[in-house]
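> With the input below, show me the fold.
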Amino acid sequence: MLFKALACDYDGTLASEDRIGQAALSALEQARQAGLRLILVTGRTFFELTRVCERLDLFDAVVAENGGVIYFPGPGVLRDQAPPPPSRLLAELDRRGISFQAGRVIVGVGRGDEEKVNEALGAAGVNLQRCYNRAALMLVPAGISKGEGVRLVIRELGLSFHDVLALGDAENDVDFFEACGWAGCPANAVPALWERADWIFSGDDGEGIAQAIAGPILHETLPLPRSSRHRITLGWAVESSEPVTIPARGVNMLVLGDPLAGKSWLTGGVIEHLISRDYAVCVFDPEGDFQSLRRLPGVIWGEIQDKASLERAVDQFDRNPLGSVVMDLASLPHAMKVRMIEKGLELVHLLRRGRGLPHWVVLDEAHYSLHREGVADRSIGLEDKGFCLVSYKGSWIRELVLKAMDVLILARMTIPEELGFLRRFLDECSGMGTEAASILPALPRGEFLIVQPDDETAKRTTLTFVATPRELPHVRHLKKYADSRVPAEHRFSFRHPDGRLAATAESLNEFRRKILLVDDDALTYHTGRGDFSRWVLDIFSDQELARDLRKTERRYCRGEISDLRAAIGSLIAVRYGAEQ
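Numbering: from 1, shown residues only. Sure, this is the predicted structure:
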(Lines give C-alpha, C1' and ligand atoms only; values in the text may rest on other atoms or scores of the structure.)
Protein backbone atom coordinates (compact mmCIF):
# COMPACT_ATOMS: atom_id res chain seq x y z
CA MET A 1 0.00 0.00 0.00
CA LEU A 2 1.29 3.47 -0.93
CA PHE A 3 0.36 4.91 2.48
CA LYS A 4 1.44 3.66 5.89
CA ALA A 5 -0.34 6.34 7.94
CA LEU A 6 -3.28 8.74 7.75
CA ALA A 7 -2.96 12.09 9.51
CA CYS A 8 -6.48 13.51 9.88
CA ASP A 9 -7.75 16.90 10.95
CA TYR A 10 -10.71 16.83 13.35
CA ASP A 11 -13.31 19.56 12.77
CA GLY A 12 -14.63 19.69 9.21
CA THR A 13 -12.61 16.63 8.19
CA LEU A 14 -13.40 13.70 10.47
CA ALA A 15 -15.95 15.45 12.69
CA SER A 16 -19.21 17.21 11.94
CA GLU A 17 -20.76 19.32 14.70
CA ASP A 18 -18.08 18.31 17.21
CA ARG A 19 -18.45 14.54 16.84
CA ILE A 20 -16.97 11.86 14.62
CA GLY A 21 -19.92 10.17 12.92
CA GLN A 22 -20.44 6.43 12.67
CA ALA A 23 -19.36 6.29 9.01
CA ALA A 24 -16.04 7.99 9.80
CA LEU A 25 -15.46 5.78 12.85
CA SER A 26 -16.07 2.68 10.75
CA ALA A 27 -13.64 3.93 8.07
CA LEU A 28 -10.96 4.58 10.70
CA GLU A 29 -11.41 1.09 12.12
CA GLN A 30 -11.05 -0.38 8.62
CA ALA A 31 -7.84 1.63 8.16
CA ARG A 32 -6.40 0.24 11.38
CA GLN A 33 -7.30 -3.30 10.35
CA ALA A 34 -5.48 -2.69 7.05
CA GLY A 35 -2.33 -1.83 9.04
CA LEU A 36 -2.38 1.95 8.68
CA ARG A 37 -1.18 4.12 11.55
CA LEU A 38 -3.63 6.89 12.51
CA ILE A 39 -2.66 10.39 13.62
CA LEU A 40 -5.26 12.91 14.80
CA VAL A 41 -4.33 16.53 14.13
CA THR A 42 -6.39 19.40 15.53
CA GLY A 43 -6.34 22.99 16.67
CA ARG A 44 -8.65 22.23 19.57
CA THR A 45 -7.32 22.49 23.10
CA PHE A 46 -6.51 19.15 24.59
CA PHE A 47 -9.15 19.40 27.32
CA GLU A 48 -11.84 20.30 24.80
CA LEU A 49 -10.75 17.45 22.52
CA THR A 50 -11.14 14.88 25.30
CA ARG A 51 -14.67 16.22 25.87
CA VAL A 52 -15.88 15.91 22.27
CA CYS A 53 -13.86 12.93 20.95
CA GLU A 54 -14.72 9.66 22.66
CA ARG A 55 -12.44 7.46 20.54
CA LEU A 56 -8.94 8.83 21.00
CA ASP A 57 -7.94 5.20 21.49
CA LEU A 58 -8.29 4.70 17.72
CA PHE A 59 -5.23 6.86 17.12
CA ASP A 60 -1.54 6.04 17.45
CA ALA A 61 -0.81 9.71 18.18
CA VAL A 62 -2.67 12.97 18.70
CA VAL A 63 -1.35 16.40 17.70
CA ALA A 64 -3.57 18.87 19.59
CA GLU A 65 -3.58 22.64 20.14
CA ASN A 66 -2.23 23.28 16.65
CA GLY A 67 0.94 21.31 17.43
CA GLY A 68 1.36 22.58 20.99
CA VAL A 69 0.45 19.28 22.65
CA ILE A 70 1.46 15.74 21.66
CA TYR A 71 -0.40 12.74 23.08
CA PHE A 72 0.21 9.01 22.56
CA PRO A 73 -2.99 7.22 23.70
CA GLY A 74 -1.44 3.72 23.89
CA PRO A 75 1.15 4.41 26.59
CA GLY A 76 -0.77 7.45 27.85
CA VAL A 77 2.14 9.86 27.25
CA LEU A 78 1.23 13.57 27.15
CA ARG A 79 3.82 16.21 26.21
CA ASP A 80 3.52 19.98 26.01
CA GLN A 81 5.68 21.50 23.28
CA ALA A 82 5.66 25.01 24.82
CA PRO A 83 4.83 26.77 28.11
CA PRO A 84 1.23 27.60 29.11
CA PRO A 85 -0.35 30.92 28.03
CA PRO A 86 0.91 33.91 30.10
CA SER A 87 -1.56 34.76 32.85
CA ARG A 88 -1.26 38.48 32.13
CA LEU A 89 -2.54 37.89 28.57
CA LEU A 90 -5.55 35.98 29.89
CA ALA A 91 -6.23 38.83 32.27
CA GLU A 92 -6.13 41.38 29.45
CA LEU A 93 -8.49 39.28 27.33
CA ASP A 94 -10.89 38.96 30.26
CA ARG A 95 -10.67 42.68 30.99
CA ARG A 96 -11.81 43.45 27.42
CA GLY A 97 -14.72 41.01 27.58
CA ILE A 98 -13.20 38.71 24.97
CA SER A 99 -14.46 35.17 25.15
CA PHE A 100 -11.50 32.78 25.02
CA GLN A 101 -10.50 29.21 25.71
CA ALA A 102 -7.11 28.67 27.31
CA GLY A 103 -5.40 25.40 26.53
CA ARG A 104 -2.24 23.86 27.88
CA VAL A 105 -0.24 25.88 25.32
CA ILE A 106 -2.51 28.00 23.08
CA VAL A 107 -5.39 30.42 23.46
CA GLY A 108 -8.45 30.20 21.20
CA VAL A 109 -10.64 33.21 20.43
CA GLY A 110 -13.23 34.22 17.85
CA ARG A 111 -11.95 35.68 14.59
CA GLY A 112 -14.34 38.60 14.93
CA ASP A 113 -12.47 39.75 18.06
CA GLU A 114 -9.11 40.03 16.29
CA GLU A 115 -8.77 43.80 16.75
CA LYS A 116 -9.42 43.60 20.51
CA VAL A 117 -7.10 40.59 20.76
CA ASN A 118 -4.29 42.61 19.16
CA GLU A 119 -4.85 45.32 21.77
CA ALA A 120 -4.71 42.74 24.57
CA LEU A 121 -1.46 41.29 23.23
CA GLY A 122 0.10 44.73 23.10
CA ALA A 123 -1.06 45.65 26.59
CA ALA A 124 0.25 42.37 28.02
CA GLY A 125 3.57 42.65 26.18
CA VAL A 126 3.09 39.16 24.74
CA ASN A 127 4.14 38.15 21.25
CA LEU A 128 2.22 35.13 19.99
CA GLN A 129 1.61 33.92 16.44
CA ARG A 130 -1.89 34.31 15.00
CA CYS A 131 -3.24 31.20 13.33
CA TYR A 132 -6.57 31.23 11.50
CA ASN A 133 -8.98 28.31 11.39
CA ARG A 134 -12.16 29.36 9.57
CA ALA A 135 -14.11 31.39 12.17
CA ALA A 136 -11.55 30.76 14.91
CA LEU A 137 -8.30 32.54 15.74
CA MET A 138 -5.58 30.79 17.73
CA LEU A 139 -2.74 32.47 19.59
CA VAL A 140 0.23 30.15 19.35
CA PRO A 141 3.85 30.34 20.65
CA ALA A 142 6.56 30.83 18.06
CA GLY A 143 7.70 27.61 16.39
CA ILE A 144 4.48 25.76 17.17
CA SER A 145 2.34 24.54 14.29
CA LYS A 146 0.40 21.52 13.14
CA GLY A 147 3.17 20.79 10.66
CA GLU A 148 5.92 20.70 13.27
CA GLY A 149 3.80 18.55 15.56
CA VAL A 150 3.13 16.07 12.76
CA ARG A 151 6.81 15.95 11.78
CA LEU A 152 7.72 15.07 15.36
CA VAL A 153 5.09 12.31 15.54
CA ILE A 154 6.11 10.84 12.18
CA ARG A 155 9.71 10.54 13.43
CA GLU A 156 8.66 8.96 16.70
CA LEU A 157 6.49 6.40 14.89
CA GLY A 158 9.50 5.48 12.74
CA LEU A 159 7.81 6.49 9.48
CA SER A 160 8.88 8.42 6.43
CA PHE A 161 6.79 11.51 5.67
CA HIS A 162 6.52 10.22 2.06
CA ASP A 163 4.24 7.45 3.34
CA VAL A 164 1.79 9.69 5.22
CA LEU A 165 -1.46 11.03 3.72
CA ALA A 166 -2.70 14.29 5.30
CA LEU A 167 -6.44 15.01 5.34
CA GLY A 168 -7.63 18.49 6.30
CA ASP A 169 -10.00 21.31 5.39
CA ALA A 170 -8.92 24.71 6.82
CA GLU A 171 -6.22 27.39 6.66
CA ASN A 172 -4.18 25.98 9.53
CA ASP A 173 -3.81 22.72 7.59
CA VAL A 174 -1.54 24.20 4.90
CA ASP A 175 1.62 23.71 6.99
CA PHE A 176 0.31 20.32 8.08
CA PHE A 177 -0.02 19.34 4.40
CA GLU A 178 3.60 20.37 3.82
CA ALA A 179 4.76 17.95 6.53
CA CYS A 180 3.28 14.92 4.75
CA GLY A 181 4.09 13.28 1.45
CA TRP A 182 0.49 13.33 0.20
CA ALA A 183 -2.55 15.49 0.90
CA GLY A 184 -6.30 15.36 0.35
CA CYS A 185 -9.31 17.42 1.38
CA PRO A 186 -13.12 17.30 1.21
CA ALA A 187 -14.92 19.33 -1.42
CA ASN A 188 -15.94 22.01 1.11
CA ALA A 189 -12.35 22.75 2.18
CA VAL A 190 -11.03 26.31 1.98
CA PRO A 191 -9.69 27.25 -1.49
CA ALA A 192 -6.12 27.55 -0.19
CA LEU A 193 -6.07 23.75 0.29
CA TRP A 194 -7.47 22.93 -3.15
CA GLU A 195 -4.27 24.17 -4.75
CA ARG A 196 -2.12 22.15 -2.36
CA ALA A 197 -4.10 18.90 -2.24
CA ASP A 198 -3.26 15.92 -4.41
CA TRP A 199 -6.88 14.82 -4.31
CA ILE A 200 -10.20 16.57 -3.58
CA PHE A 201 -12.80 14.10 -2.36
CA SER A 202 -16.49 14.46 -3.09
CA GLY A 203 -18.80 15.00 -0.16
CA ASP A 204 -18.45 17.29 2.85
CA ASP A 205 -16.83 16.92 6.25
CA GLY A 206 -16.75 13.50 7.88
CA GLU A 207 -19.07 11.91 5.33
CA GLY A 208 -16.78 12.75 2.39
CA ILE A 209 -13.61 11.67 4.17
CA ALA A 210 -15.24 8.45 5.42
CA GLN A 211 -16.16 7.54 1.84
CA ALA A 212 -12.62 8.39 0.67
CA ILE A 213 -10.93 6.25 3.33
CA ALA A 214 -13.22 3.25 2.90
CA GLY A 215 -13.10 3.61 -0.88
CA PRO A 216 -10.17 4.83 -3.00
CA ILE A 217 -7.63 5.15 -0.15
CA LEU A 218 -7.93 1.61 1.22
CA HIS A 219 -8.61 0.10 -2.21
CA GLU A 220 -5.54 1.85 -3.66
CA THR A 221 -7.40 3.34 -6.61
CA LEU A 222 -6.21 6.94 -6.22
CA PRO A 223 -4.48 8.11 -9.42
CA LEU A 224 -0.87 9.17 -9.01
CA PRO A 225 -0.70 12.94 -9.45
CA ARG A 226 1.42 14.71 -12.03
CA SER A 227 2.49 17.49 -9.66
CA SER A 228 6.22 18.21 -9.72
CA ARG A 229 6.65 17.33 -6.06
CA HIS A 230 5.77 13.72 -6.90
CA ARG A 231 8.01 13.41 -9.94
CA ILE A 232 11.76 13.34 -10.49
CA THR A 233 13.58 14.79 -13.47
CA LEU A 234 15.67 12.49 -15.65
CA GLY A 235 16.86 15.10 -18.13
CA TRP A 236 15.71 17.21 -21.06
CA ALA A 237 14.13 16.19 -24.35
CA VAL A 238 16.61 16.42 -27.23
CA GLU A 239 14.19 18.13 -29.64
CA SER A 240 12.36 20.51 -27.30
CA SER A 241 14.54 20.87 -24.16
CA GLU A 242 11.41 20.17 -22.11
CA PRO A 243 12.02 18.36 -18.80
CA VAL A 244 11.61 14.60 -18.93
CA THR A 245 10.18 13.27 -15.67
CA ILE A 246 8.88 10.05 -14.17
CA PRO A 247 6.67 9.44 -11.10
CA ALA A 248 8.66 9.29 -7.88
CA ARG A 249 6.37 6.53 -6.58
CA GLY A 250 4.22 3.72 -7.86
CA VAL A 251 6.13 2.60 -10.96
CA ASN A 252 8.69 -0.03 -11.92
CA MET A 253 11.52 1.00 -14.25
CA LEU A 254 13.82 -1.01 -16.51
CA VAL A 255 17.13 0.43 -17.80
CA LEU A 256 18.62 -1.45 -20.76
CA GLY A 257 21.59 -0.89 -23.05
CA ASP A 258 25.02 -2.05 -24.15
CA PRO A 259 27.86 -2.33 -21.64
CA LEU A 260 29.54 1.06 -21.18
CA ALA A 261 26.55 2.83 -22.79
CA GLY A 262 25.79 4.91 -19.68
CA LYS A 263 23.19 2.79 -17.86
CA SER A 264 24.89 2.87 -14.46
CA TRP A 265 25.70 6.55 -14.87
CA LEU A 266 22.04 7.39 -15.53
CA THR A 267 20.82 5.09 -12.75
CA GLY A 268 23.22 6.72 -10.29
CA GLY A 269 21.73 10.09 -11.21
CA VAL A 270 18.20 8.80 -10.57
CA ILE A 271 19.33 7.53 -7.16
CA GLU A 272 20.89 10.91 -6.37
CA HIS A 273 17.61 12.68 -7.20
CA LEU A 274 15.63 10.29 -5.01
CA ILE A 275 18.01 10.61 -2.07
CA SER A 276 18.01 14.42 -2.32
CA ARG A 277 14.21 14.27 -1.93
CA ASP A 278 14.49 12.03 1.16
CA TYR A 279 13.25 8.86 -0.51
CA ALA A 280 14.79 5.73 0.98
CA VAL A 281 16.67 3.67 -1.63
CA CYS A 282 18.13 0.15 -1.39
CA VAL A 283 20.77 -0.66 -4.03
CA PHE A 284 21.80 -4.24 -4.79
CA ASP A 285 25.22 -3.73 -6.41
CA PRO A 286 26.64 -7.02 -7.76
CA GLU A 287 29.70 -5.44 -9.40
CA GLY A 288 30.62 -2.53 -7.11
CA ASP A 289 29.57 0.21 -9.54
CA PHE A 290 27.75 2.36 -6.97
CA GLN A 291 30.36 2.76 -4.23
CA SER A 292 30.58 6.50 -4.88
CA LEU A 293 27.04 6.93 -3.50
CA ARG A 294 28.42 6.38 0.00
CA ARG A 295 29.58 10.02 -0.12
CA LEU A 296 25.97 11.25 -0.12
CA PRO A 297 24.38 12.28 3.22
CA GLY A 298 22.36 9.50 4.80
CA VAL A 299 23.77 6.70 2.62
CA ILE A 300 25.18 3.58 4.28
CA TRP A 301 27.50 1.38 2.20
CA GLY A 302 28.07 -2.20 3.20
CA GLU A 303 30.10 -5.04 1.72
CA ILE A 304 27.89 -8.12 1.78
CA GLN A 305 29.80 -11.27 2.67
CA ASP A 306 27.15 -13.46 4.29
CA LYS A 307 23.59 -13.53 5.60
CA ALA A 308 24.52 -11.64 8.78
CA SER A 309 26.02 -8.68 6.89
CA LEU A 310 22.96 -8.66 4.61
CA GLU A 311 20.57 -8.49 7.57
CA ARG A 312 22.61 -5.68 9.15
CA ALA A 313 22.35 -3.68 5.93
CA VAL A 314 18.56 -4.07 5.73
CA ASP A 315 18.22 -3.18 9.43
CA GLN A 316 19.55 0.30 8.61
CA PHE A 317 16.07 1.27 7.39
CA ASP A 318 14.72 0.65 10.88
CA ARG A 319 17.30 3.03 12.30
CA ASN A 320 16.80 5.83 9.79
CA PRO A 321 13.60 6.03 7.69
CA LEU A 322 15.18 8.79 5.58
CA GLY A 323 18.41 6.86 4.94
CA SER A 324 19.53 4.73 1.99
CA VAL A 325 21.68 1.61 1.72
CA VAL A 326 24.11 0.34 -0.94
CA MET A 327 24.78 -3.40 -0.70
CA ASP A 328 28.07 -4.23 -2.44
CA LEU A 329 28.16 -7.91 -3.45
CA ALA A 330 31.16 -7.66 -5.78
CA SER A 331 33.44 -9.91 -3.69
CA LEU A 332 31.04 -12.88 -3.76
CA PRO A 333 31.10 -15.71 -6.33
CA HIS A 334 28.20 -15.65 -8.76
CA ALA A 335 26.07 -18.36 -7.14
CA MET A 336 26.42 -16.70 -3.74
CA LYS A 337 25.44 -13.32 -5.23
CA VAL A 338 22.17 -14.77 -6.49
CA ARG A 339 21.42 -16.36 -3.10
CA MET A 340 22.17 -13.13 -1.24
CA ILE A 341 20.05 -11.09 -3.66
CA GLU A 342 17.14 -13.50 -3.19
CA LYS A 343 17.42 -13.33 0.60
CA GLY A 344 17.83 -9.54 0.48
CA LEU A 345 14.74 -9.12 -1.69
CA GLU A 346 12.75 -11.28 0.72
CA LEU A 347 13.81 -9.12 3.68
CA VAL A 348 13.09 -5.90 1.82
CA HIS A 349 9.69 -7.20 0.69
CA LEU A 350 8.67 -7.88 4.30
CA LEU A 351 9.97 -4.49 5.43
CA ARG A 352 8.11 -2.64 2.67
CA ARG A 353 4.86 -4.38 3.52
CA GLY A 354 5.19 -3.37 7.16
CA ARG A 355 6.75 0.09 7.03
CA GLY A 356 6.83 1.16 3.40
CA LEU A 357 10.65 1.28 3.36
CA PRO A 358 12.67 1.39 1.24
CA HIS A 359 10.70 3.38 -1.33
CA TRP A 360 12.92 2.20 -4.20
CA VAL A 361 14.88 -0.99 -4.82
CA VAL A 362 17.65 -0.75 -7.43
CA LEU A 363 19.00 -4.04 -8.81
CA ASP A 364 22.01 -3.72 -11.09
CA GLU A 365 22.93 -6.53 -13.51
CA ALA A 366 19.36 -7.76 -13.11
CA HIS A 367 19.81 -10.54 -15.68
CA TYR A 368 22.16 -12.35 -13.26
CA SER A 369 19.40 -12.95 -10.73
CA LEU A 370 16.07 -12.51 -12.56
CA HIS A 371 16.49 -15.09 -15.32
CA ARG A 372 14.21 -18.13 -15.35
CA GLU A 373 16.36 -20.17 -12.95
CA GLY A 374 17.25 -17.22 -10.71
CA VAL A 375 15.50 -15.59 -7.77
CA ALA A 376 12.08 -17.08 -6.96
CA ASP A 377 9.10 -15.00 -8.08
CA ARG A 378 7.68 -14.90 -4.56
CA SER A 379 10.85 -13.23 -3.27
CA ILE A 380 10.81 -10.22 -5.59
CA GLY A 381 7.63 -8.32 -4.68
CA LEU A 382 7.28 -6.40 -7.96
CA GLU A 383 3.67 -5.63 -7.08
CA ASP A 384 5.00 -3.26 -4.40
CA LYS A 385 6.35 -1.05 -7.23
CA GLY A 386 9.41 1.18 -6.90
CA PHE A 387 11.85 -1.21 -8.62
CA CYS A 388 14.64 -0.02 -10.89
CA LEU A 389 16.27 -2.89 -12.80
CA VAL A 390 19.45 -2.37 -14.82
CA SER A 391 20.77 -4.84 -17.40
CA TYR A 392 22.58 -5.29 -20.70
CA LYS A 393 20.86 -8.65 -21.28
CA GLY A 394 17.14 -7.96 -21.32
CA SER A 395 16.56 -11.21 -23.20
CA TRP A 396 17.66 -13.16 -20.13
CA ILE A 397 15.12 -11.54 -17.79
CA ARG A 398 12.01 -13.66 -17.24
CA GLU A 399 8.76 -12.60 -18.87
CA LEU A 400 6.91 -12.11 -15.58
CA VAL A 401 9.41 -9.44 -14.54
CA LEU A 402 9.40 -7.69 -17.92
CA LYS A 403 5.62 -7.42 -17.94
CA ALA A 404 5.70 -5.70 -14.53
CA MET A 405 7.74 -2.75 -15.89
CA ASP A 406 5.98 0.61 -16.32
CA VAL A 407 8.84 2.77 -17.61
CA LEU A 408 11.68 1.75 -19.93
CA ILE A 409 14.90 3.74 -20.23
CA LEU A 410 17.02 2.58 -23.17
CA ALA A 411 20.66 3.43 -23.83
CA ARG A 412 22.59 2.65 -27.00
CA MET A 413 22.01 -0.95 -28.04
CA THR A 414 23.86 -2.67 -30.89
CA ILE A 415 23.86 -6.42 -30.17
CA PRO A 416 21.56 -7.96 -32.83
CA GLU A 417 20.09 -10.54 -30.45
CA GLU A 418 19.21 -7.89 -27.85
CA LEU A 419 17.76 -5.55 -30.47
CA GLY A 420 15.60 -8.37 -31.78
CA PHE A 421 14.38 -9.20 -28.29
CA LEU A 422 13.59 -5.56 -27.55
CA ARG A 423 11.74 -5.10 -30.83
CA ARG A 424 9.49 -8.06 -30.04
CA PHE A 425 8.95 -7.00 -26.44
CA LEU A 426 8.07 -3.39 -27.30
CA ASP A 427 5.78 -4.43 -30.12
CA GLU A 428 3.80 -6.52 -27.64
CA CYS A 429 3.48 -3.84 -24.95
CA SER A 430 3.46 -0.61 -26.97
CA GLY A 431 3.66 -1.25 -30.70
CA MET A 432 6.86 0.81 -30.85
CA GLY A 433 9.46 -1.92 -31.25
CA THR A 434 10.48 -1.04 -34.81
CA GLU A 435 10.80 2.66 -33.98
CA ALA A 436 12.96 2.01 -30.91
CA ALA A 437 15.14 -0.57 -32.66
CA SER A 438 15.89 1.90 -35.44
CA ILE A 439 16.97 4.61 -32.97
CA LEU A 440 19.06 2.69 -30.45
CA PRO A 441 22.10 1.53 -32.51
CA ALA A 442 23.04 5.11 -33.38
CA LEU A 443 22.09 6.69 -30.06
CA PRO A 444 25.04 8.79 -28.80
CA ARG A 445 26.50 8.10 -25.38
CA GLY A 446 24.73 10.35 -22.86
CA GLU A 447 21.41 10.20 -24.71
CA PHE A 448 18.60 7.83 -23.82
CA LEU A 449 15.23 6.75 -25.14
CA ILE A 450 12.30 6.65 -22.72
CA VAL A 451 9.11 4.66 -23.16
CA GLN A 452 6.47 5.39 -20.55
CA PRO A 453 2.70 5.53 -20.17
CA ASP A 454 1.00 8.74 -21.23
CA ASP A 455 -1.64 9.48 -18.60
CA GLU A 456 -3.79 11.53 -20.96
CA THR A 457 -4.06 9.08 -23.85
CA ALA A 458 -3.43 5.78 -22.05
CA LYS A 459 -0.89 5.05 -24.79
CA ARG A 460 2.89 4.83 -24.66
CA THR A 461 5.14 7.55 -25.97
CA THR A 462 8.82 7.53 -26.90
CA LEU A 463 11.32 10.36 -26.92
CA THR A 464 15.05 10.81 -26.59
CA PHE A 465 16.61 12.89 -23.85
CA VAL A 466 19.93 13.94 -22.38
CA ALA A 467 20.39 13.14 -18.70
CA THR A 468 20.78 15.68 -15.91
CA PRO A 469 24.32 16.18 -14.55
CA ARG A 470 25.51 13.88 -11.79
CA GLU A 471 26.25 15.23 -8.33
CA LEU A 472 28.96 12.61 -7.87
CA PRO A 473 31.36 11.32 -10.53
CA HIS A 474 30.51 7.81 -11.66
CA VAL A 475 33.54 5.56 -11.41
CA ARG A 476 33.12 2.26 -13.21
CA HIS A 477 35.04 -0.50 -11.49
CA LEU A 478 36.05 -2.30 -14.66
CA LYS A 479 38.46 -4.60 -12.84
CA LYS A 480 35.52 -6.04 -10.93
CA TYR A 481 33.81 -6.83 -14.23
CA ALA A 482 36.85 -8.89 -15.20
CA ASP A 483 36.56 -10.79 -11.88
CA SER A 484 32.80 -11.25 -12.15
CA ARG A 485 31.85 -14.94 -12.42
CA VAL A 486 29.23 -16.14 -14.87
CA PRO A 487 26.84 -19.07 -14.32
CA ALA A 488 28.28 -22.52 -14.99
CA GLU A 489 26.40 -22.90 -18.26
CA HIS A 490 28.08 -19.75 -19.63
CA ARG A 491 31.69 -20.47 -18.63
CA PHE A 492 34.33 -21.01 -21.33
CA SER A 493 35.40 -24.63 -21.83
CA PHE A 494 38.87 -25.11 -23.31
CA ARG A 495 38.90 -28.34 -25.33
CA HIS A 496 41.35 -30.33 -27.41
CA PRO A 497 40.45 -30.95 -31.07
CA ASP A 498 39.14 -34.41 -30.12
CA GLY A 499 36.67 -32.88 -27.64
CA ARG A 500 38.53 -33.66 -24.41
CA LEU A 501 38.12 -30.96 -21.76
CA ALA A 502 41.33 -29.11 -20.94
CA ALA A 503 40.16 -26.35 -18.58
CA THR A 504 37.25 -24.02 -17.80
CA ALA A 505 37.00 -20.28 -17.02
CA GLU A 506 34.15 -18.54 -15.17
CA SER A 507 35.47 -14.96 -15.49
CA LEU A 508 37.56 -12.90 -17.87
CA ASN A 509 40.51 -12.82 -15.52
CA GLU A 510 40.31 -16.57 -15.01
CA PHE A 511 40.13 -16.94 -18.80
CA ARG A 512 43.27 -14.80 -19.09
CA ARG A 513 45.10 -17.02 -16.60
CA LYS A 514 43.93 -20.33 -18.04
CA ILE A 515 44.91 -19.39 -21.59
CA LEU A 516 48.52 -19.31 -20.39
CA LEU A 517 48.26 -22.96 -19.32
CA VAL A 518 46.31 -24.79 -22.02
CA ASP A 519 48.13 -26.81 -24.69
CA ASP A 520 48.89 -25.36 -28.11
CA ASP A 521 46.47 -27.72 -29.86
CA ALA A 522 43.54 -26.45 -27.76
CA LEU A 523 44.61 -22.85 -28.32
CA THR A 524 44.84 -23.31 -32.11
CA TYR A 525 41.53 -25.20 -32.21
CA HIS A 526 39.52 -22.41 -30.55
CA THR A 527 41.32 -19.61 -32.39
CA GLY A 528 40.49 -21.06 -35.78
CA ARG A 529 36.80 -21.26 -34.82
CA GLY A 530 36.69 -17.71 -33.40
CA ASP A 531 35.51 -19.09 -30.07
CA PHE A 532 37.29 -16.56 -27.85
CA SER A 533 35.76 -13.46 -29.45
CA ARG A 534 32.35 -15.16 -29.73
CA TRP A 535 32.31 -16.00 -25.98
CA VAL A 536 33.16 -12.42 -24.98
CA LEU A 537 30.44 -11.03 -27.26
CA ASP A 538 27.71 -13.53 -26.35
CA ILE A 539 28.29 -13.66 -22.61
CA PHE A 540 29.64 -10.19 -21.74
CA SER A 541 28.25 -8.19 -24.69
CA ASP A 542 31.55 -6.29 -24.82
CA GLN A 543 31.65 -5.44 -28.48
CA GLU A 544 34.92 -3.52 -28.30
CA LEU A 545 36.88 -6.33 -26.66
CA ALA A 546 35.20 -8.94 -28.90
CA ARG A 547 36.15 -6.96 -32.00
CA ASP A 548 39.79 -6.69 -30.87
CA LEU A 549 39.90 -10.40 -30.02
CA ARG A 550 38.50 -11.31 -33.43
CA LYS A 551 41.20 -9.26 -35.12
CA THR A 552 43.81 -10.99 -32.98
CA GLU A 553 42.43 -14.44 -33.82
CA ARG A 554 42.57 -13.69 -37.54
CA ARG A 555 46.08 -12.28 -37.35
CA TYR A 556 47.27 -15.35 -35.47
CA CYS A 557 45.73 -17.63 -38.11
CA ARG A 558 47.57 -15.62 -40.80
CA GLY A 559 50.84 -16.01 -38.93
CA GLU A 560 51.11 -12.31 -38.04
CA ILE A 561 51.16 -12.94 -34.25
CA SER A 562 53.57 -15.37 -32.65
CA ASP A 563 52.52 -15.10 -28.98
CA LEU A 564 48.73 -15.38 -28.95
CA ARG A 565 48.56 -15.92 -25.19
CA ALA A 566 50.33 -12.65 -24.42
CA ALA A 567 48.27 -10.74 -26.99
CA ILE A 568 44.93 -11.93 -25.57
CA GLY A 569 46.05 -11.37 -21.98
CA SER A 570 47.16 -7.84 -22.81
CA LEU A 571 43.85 -6.97 -24.47
CA ILE A 572 41.85 -8.04 -21.41
CA ALA A 573 44.25 -6.39 -18.97
CA VAL A 574 44.20 -3.04 -20.79
CA ARG A 575 40.45 -3.11 -21.30
CA TYR A 576 39.57 -3.89 -17.68
CA GLY A 577 42.43 -2.34 -15.76
CA ALA A 578 43.77 -5.66 -14.53
CA GLU A 579 47.38 -6.23 -13.55
CA GLN A 580 49.48 -7.63 -16.39
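
> In this structure, where is pLDDT below threshold?
By pLDDT under 70, the weakly predicted segments of the chain are 226, 453-462, 473-481, 577-580.

> can you tell me which helix in it is longest?
With secondary structure taken from DSSP state H, the chain has its longest helix at helix 334-355.

> what's that helix packed up against?
strand 281-285, helix 307-319, strand 360-363, helix 377-380 (3 or more C-beta pairs under 8 Å, 6 or more residues apart in numbering; DSSP states H and E). Bear in mind the C-beta positions are built from the backbone N, C-alpha and C, glycine included.

> Could you give the number of residues near the spatially closest residue to Ile232 that is not a sequence neighbour?
Nearest non-adjacent residue to Ile232, counting by C-beta to C-beta, 6 or more residues apart in numbering: His273, 4.5 Å away. Per other C-beta atoms under 10 Å, the neighbour tally for His273 reads 19.

> any idea which element His273 lies in?
Assessed by DSSP states H and E, His273 sits inside helix 263-276.

> how much does that helix deviate in direction from strand 281-285?
When axes from the mean of the first three to the mean of the last three C-alpha atoms, to 10 degrees is applied, the directions of helix 263-276 and strand 281-285 differ by 160 degrees.

> what's in contact with helix 263-276?
Residues from elsewhere that reach helix 263-276 (C-beta atoms under 8 Å, 6 or more residues apart in numbering): 232-234, 248, 253, 255-257, 281, 283, 289-290, 292-293, 296-299, 324, 359-360, 362, 364, 388, 390-392, 409, 411, 448, 467-472, 474, 476.

> What residues does Lys550 make contact with?
Check again: residue 550 is Arg, not Lys. Counting by C-beta under 8 Å, 6+ apart, Arg550 makes contact with Gly530, Ser533.

> Let's see which of the contacts of helix 263-276 end up in strands.
Among those, the members found in strands (DSSP state E) are 232-234, 253, 255-256, 281, 283, 299, 324, 360, 362, 388, 390-391, 409, 448, 467.

> ok, of these, which come out buried?
The neighbour count (16 or more other C-beta atoms under 10 Å) marks 232-234, 253, 255-256, 281, 283, 299, 324, 360, 362, 388, 390-391, 409, 448, 467 as buried among the ones in strands among the contacts of helix 263-276.

> Gly35 versus the most centrally placed residue in the chain, what's the distance?
Centroid-nearest residue in the chain: Trp360, 2.7 Å away (criterion: C-alpha atoms, centre = their mean). Distance of Trp360 to Gly35, computed by C-beta to C-beta, to the nearest Å: 21 Å.

> same thing with Ser240?
44 Å.

> Could you do Ile300 as well?
27 Å.

> neighbour count winner among those two?
Shown here are Ile300 and Gly35; by other C-beta under 10 Å, Ile300 has more neighbours (17 against 12).

> beta partners for the more buried one?
Under DSSP bridges, the beta-bridge partners of Ile300 are Val325.

> so it touches Val326, yeah?
Yes - at 7.3 Å, Ile300 and Val326 qualify as touching, with contact defined as C-beta atoms under 8 Å.

> intersection of neighbour lists for the two?
Listed as contacting both Ile300 and Val326 by C-beta under 8 Å, 6+ apart are Arg294.

> does Thr50 sit in a helix or strand, and which one?
Per DSSP H and E: helix 46-52 holds Thr50.

> Can you list the buried residues in that helix?
Phe46, Glu48, Leu49.

> Name the residues that touch that helix?
Contacts of helix 46-52 (C-beta under 8 Å, 6+ apart): 10, 15, 18-19, 42, 44, 56, 62, 64-65, 69, 71, 78, 101, 103-104.

> Can you tell me which of those residues is nearest Ile380?
The closest of the contacts of helix 46-52 to Ile380 turns out to be Val62 (C-beta to C-beta; 38.4 Å).
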